[in-house]
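>>> I need the structure of the sequence given here:
(chains A and B)
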There are 2 protein chains.
Amino acid sequence: MEHQLLTEEEVREPICLLMALDQNYLPQMKVLMTSAVLNNPGEHFCVFLLHSGIDEPELDEITKWSVKSGSAFEPIRVDEELFRSAPVSRQYPKEMYYRLLAAQFLPDTMERVIYLDPDILIINPLRPLWELGINGKLFAAAAHTGKTELANNVNRIRLGVDHDYYNSGVLLMDLKQARDQIVPEQIFAFVEEHAKELMLPDQDLLNALFGDRIFPLGDEVWNYDARNYNNYLLRSSGIQDLSWVMQNTVILHFCGKAKPWKPGYFYRFGLLYQHYMQLARRDWNMC
Amino acid sequence: MEHQLLTEEEVREPICLLMALDQNYLPQMKVLMTSAVLNNPGEHFCVFLLHSGIDEPELDEITKWSVKSGSAFEPIRVDEELFRSAPVSRQYPKEMYYRLLAAQFLPDTMERVIYLDPDILIINPLRPLWELGINGKLFAAAAHTGKTELANNVNRIRLGVDHDYYNSGVLLMDLKQARDQIVPEQIFAFVEEHAKELMLPDQDLLNALFGDRIFPLGDEVWNYDARNYNNYLLRSSGIQDLSWVMQNTVILHFCGKAKPWKPGYFYRFGLLYQHYMQLARRDWNMC
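Model prediction:
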């Protein structure tokens, strides 16, 4: 994998994050932001939130917390009619589609953004991803190639593509490319056409429409599947033990149906998530 | 258990911590201090270190870090000849005896101090312990009554005492009482006399000499044995799950021979320790 560092001048920019979620996921967004700030000393974040109707007082609280922690917060309300024909559920709300249209909603001057799902902890510095050269690709993303290798192949066949099945929970987006190459109508049409057969709708969209324009990231660092510790350990011949993960993994992704904020979560990183829930509780209550 | 809060005026005092260790345990001391500061926002600590010859540059680094994090650091060098006849080993260095003599070494104006072993993480606010009324007792300490219930009884018999066998890794000390009641010569004599039969020397000393003057603390909050999650969970009928521990436990004690900073530690809180090692690495490198 080729890592190109940008010039020193650009290094000093804030790191721009993008999230897209509904009111139900605000607690998780707060935990994510707490973890990002704590583990990125010296950095400033600019956090954009695509939503379709989160209450003002909630947004104000996030603004207040962001100012206090040296970050900026920009909520952007998206017309929810845009995806009226898309399949939605509590697990897959319509906001999940918004990430692919980010270039339409974000300021024209922005060049890149890191999209993050809300079920994530940031446990080390994000700057190497922020500065990563992606060889003219549209996105950078990671495939979960561990336990899900089978799912990876099933999805390749299902979608008729010849690349890895990328996880859409962490995306570095080149917004200049996206403004040229992502046509909203194409996305709407695809969603309408495939409404019934899409299993993980936004992820299928990413892979089917843009899979050939994705720069591959190592999931063990940039999109670690928190359910798969033993698998990462085995496939790395014992190198990626807990100590390695705590020192090298940046984005810990609690993907899948079991969630660490719900009772009965039994994967080992749930402990860390619970600790960050406590840190967030303390930190956000002091606002 | 009776909790008496002190007056508001005293609330604003810094919280005084005491550690006693040799150079080998400085990395663990740094992790402990990082965790204490992070999880006690708004507090100032005054950390006393009893040692018998840690290098000046090392002490200077701790002073520098402490100033930066709003704390004070006071190293106190103890004459190592004091315990020349005491049994020592790498696991039990002579510094472990120093805690019992703290009142001799700390400023006369100090009224209390919280002694902490180095194999500890502080994951929630310490102030409730700092302000705890202990009914005129000399110390407050917790017994590990979980998996070690058998050891507890064995030790009662071994030492011929009729109280719980207290763990000496976390001690709230009433220094005014200690100045009156703790006679160094008595401790030296006891160590000399029992040198061969002491298994956990300092802990045996605490229990044999002062066990009847200890105010009992709940170990699930103030001295959580990090090896014993399943036991705490069972004896609390499922209440003390991970979420409870992360919200309520203040002092997580990695006691016993297996240590979370060594390879192959397999108890579940090792993950959290590794994360704090990473936080400490980052934080102390920036000094």
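>>> Tell me which stretches of the stretch 1-150 of chain A form strands.
A:15-20, A:45-51, A:72-77, A:112-116, A:120-122, A:139-143 (DSSP state E, counting those that start in this stretch).
>>> and of those strands, who's closest to chain B?
Proximity of those to chain B was assessed by Cβ to the nearest Cβ; the nearest stretch is strand A:120-122, lying at 9.8 Å. C-beta: built from backbone N, CA, C; applies to glycine.
>>> Please identify the buried residues of stretch A:181-193?
A:182, A:187, A:188, A:190, A:191 (16 or more other Cβ atoms under 10 Å in any protein chain shown).
>>> Just send those residues back as a markdown table, with distance to chain B, pLDDT and secondary structure too.
Output for those, formatted as a markdown table (distance: Cβ to the nearest Cβ, whole Å; pLDDT from 0 to 100; DSSP: H, G, I helix; E, B strand; the rest coil):
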| residue | distance to chain B | pLDDT | secondary structure |
| --- | --- | --- | --- |
| A:182 | 37 | 91 | coil |
| A:187 | 39 | 83 | helix |
| A:188 | 41 | 80 | helix |
| A:190 | 40 | 82 | helix |
| A:191 | 37 | 78 | helix |
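>>> Specify the local secondary structure of the residue located most distally from the centre of chain A.
What lies farthest from the middle of chain A is residue A:237; by Cα atoms, centre = their mean that is 27.9 Å. Here residue A:237 is recorded as coil under DSSP: H, G, I helix; E, B strand; the rest coil.
>>> same deal with the one 3 residues further on?
Under three-state DSSP, the three-state class of residue A:240 is coil.
>>> Looks like it contacts residue A:232 (just checking).
Yes - applying Cβ atoms under 8 Å, one finds residue A:240 in contact with residue A:232, separated by 4.6 Å.
>>> Who does the residue nearest the centre of chain A form a beta bridge with?
Centroid-nearest residue in chain A: residue A:116, 2.0 Å away (criterion: Cα atoms, centre = their mean). On the basis of DSSP bridges, residue A:116 is bridged to residue A:170.
>>> Surely it and residue A:167 touch.
No - if you go by Cβ under 8 Å, residue A:116 and residue A:167 don't touch, sitting 11.7 Å apart.
>>> Can you check what angle separates the helix ranked longest in chain A from helix B:270-285?
The longest helix of chain A (DSSP state H) is helix A:270-285. In terms of direction (axes from the mean of the first three to the mean of the last three Cα atoms, to 10 degrees), helix A:270-285 departs from helix B:270-285 by 50 degrees.
>>> What lies in contact with helix A:270-285?
Residues outside helix A:270-285 that contact it (Cβ atoms under 8 Å, 6 or more residues apart in numbering or on different chains) are A:27, A:30-31, A:33-35, A:38, A:61, A:65, A:121, A:123, A:226, A:252, A:254, A:260-261, A:265, B:38-39, B:41, B:123-124, B:242-243, B:245-247, B:268-269, B:271-272, B:275.
>>> mind running it again at 6 Å?
With Cβ atoms under 6 Å, 6 or more residues apart in numbering or on different chains as the test, helix A:270-285 has contacts from A:30, A:31, A:34, A:35, A:65, A:121, A:260, B:242, B:243, B:246, B:247, B:271.
>>> who in chain A is up against chain B?
Proximity of chain A to chain B (Cβ under 6 Å from any Cβ of the partner chain) is limited to residues A:242, A:243, A:246, A:247, A:271, A:274, A:275, A:278.
>>> change it to 7 Å
With the criterion set to Cβ under 7 Å from any Cβ of the partner chain, chain A comes near chain B through A:41, A:123, A:242-243, A:246-247, A:268-272, A:274-275, A:278, A:282, A:286.
>>> Name only those of those that count as buried.
A:123, A:242, A:243, A:246, A:269, A:270, A:271, A:272, A:274, A:275, A:278, A:282.
>>> right, and the pair among those residues with maximum separation?
Spanning the widest gap among these are A:243 and A:282, at 26.7 Å by Cβ to Cβ.
>>> what would the strands of the stretch 1-150 of chain A look like in a markdown table with mean pLDDT?
Rendered in a markdown table, the data for the strands of the stretch 1-150 of chain A read as follows (pLDDT from 0 to 100):
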| stretch | mean pLDDT |
| --- | --- |
| strand A:15-20 | 97 |
| strand A:45-51 | 97 |
| strand A:72-77 | 97 |
| strand A:112-116 | 98 |
| strand A:120-122 | 98 |
| strand A:139-143 | 97 |
